[in-house]
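>>> below: sequence and its predicted model.
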Amino acid sequence: MKAKTWTTDAFYRETPAKIQQRIRENCVMVDMEAAAYLAVSQYNKVEFGQILYAGDNLSGTEWERRGWDSQAAIRENVLRIALDACVAM
């Protein structure tokens, strides 16, 4: 699945106004690591790709944990997919 992602390196910048703006832009998630990885890859002129695994949900009034930290089988499957994609290149 392809989805529009908002990436930022500072969670204090995730203000209610910014969140609403990103929702209007059809972003379905926010990620905090991709911004740094993208900057480093651009600086070093290397190809970069990322698979994002949405483990928890912060879009409501309360944090929805979803037990992301206990879903080892799912994370293992994501890793296998990523490794297969790298080998296929």
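Cool, the structure landed.
>>> so, low pLDDT: which residues of this structure?
Along the chain, segments meeting pLDDT under 70 span 1, 11.
>>> which residues of it fall in helices?
Under the criterion DSSP state H, the chain contains helices at 16-24, 34-44, 72-88.
>>> I'd like these as JSON lines, with distance to residue 53 and mean neighbour count appended.
For glycine as for every other residue, the C-beta is placed from the backbone atoms N, C-alpha and C. JSON lines is the format used below for these (distance: least, C-beta to C-beta, whole Å; neighbours: other C-beta atoms under 10 Å):
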{"stretch": "helix 16-24", "distance to residue 53": "19", "mean neighbour count": "11"}
{"stretch": "helix 34-44", "distance to residue 53": "12", "mean neighbour count": "12"}
{"stretch": "helix 72-88", "distance to residue 53": "5", "mean neighbour count": "10"}
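>>> how about these in a markdown table, adding distance to residue 7?
Shown next, in a markdown table, are the helices of the chain (distance: least, C-beta to C-beta, whole Å):
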| stretch | distance to residue 7 |
| --- | --- |
| helix 16-24 | 10 |
| helix 34-44 | 4 |
| helix 72-88 | 18 |
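>>> looking at those, spot the one closest to residue 60.
Across these, residue 60 has its closest neighbour in helix 16-24 (11.9 Å, C-beta to C-beta).
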